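Trainee: this one's structure only:
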């Protein structure tokens, strides 16, 4: 299953508010590759469907992480995301320092705190340890 489709399905199931005009949502997805255009698209979404802004930001974070778009992901995460969905966590574990150094650095320096533990030979390894973030356990 596509994790982005899953996230959007979750929005629909929560039925925050009916949406008659999806153009603001389409603009956000289309404009996600550059900070300036994404910022404008998110502002339009806030005006038309303010209750969806948080959900949209979480889904965008997943898309940007999946695309390894470190520049825009850094901006989005610095603007604040209160919590991250499990689909984001699943993708974050796939980011490798040697393969995607810019994205790895964004995760390391952001407010993202890995929540789940992952198995390693001989015991459990916190995602923060796997990412090498040296974040304190909470």
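Mentor: Right, received. Where do you want to start? Since we're looking at a predicted model, the values are computed, not measured.

Trainee: burial count for residue 83?
Mentor: Using other CB atoms under 10 Å, residue 83 is surrounded by 10 other residues. Where C-beta positions appear, they are placed from N, C-alpha and C, glycine not excepted.

Trainee: would you state the strands of this structure in chain order?
Mentor: 117-120, 123-126 (DSSP state E).

Trainee: what pLDDT, on average, does the last one get?
Mentor: Translated: strand 123-126. The average pLDDT within strand 123-126 is 45.

Trainee: likewise for stretch 32-48?
Mentor: 83.

Trainee: can you pull out the low-pLDDT segments for this structure?
Mentor: 1, 3-4, 11-12, 15-17, 115-138 (pLDDT under 70).

Trainee: please repeat the previous calculation with a cut-off of 80.
Mentor: When the per-residue scores of the chain are filtered using pLDDT under 80, the ranges that remain are 1-22, 24-25, 28-29, 31, 48-52, 80, 82-83, 113-138.

Trainee: give me the most central residue, it.
Mentor: residue 61 (2.2 Å; CA atoms, centre = their mean).

Trainee: does that one touch residue 74 like I think?
Mentor: No. Under the contact definition of CB atoms under 8 Å, residue 61 does not touch residue 74, with a separation of 10.7 Å.

Trainee: re earlier: contacting residues for the residue nearest to the centre of the chain?
Mentor: In this structure, residue 61 makes contact with 73, 76-77, 81, 84, 88, judged by CB atoms under 8 Å, 6 or more residues apart in numbering.

Trainee: output these as TSV; include the columns neighbour count.
Mentor: Rendered in TSV, the data for the contacts of residue 61 read as follows (neighbours: other CB atoms under 10 Å):
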residue	neighbour count
73	25
76	25
77	20
81	18
84	21
88	23
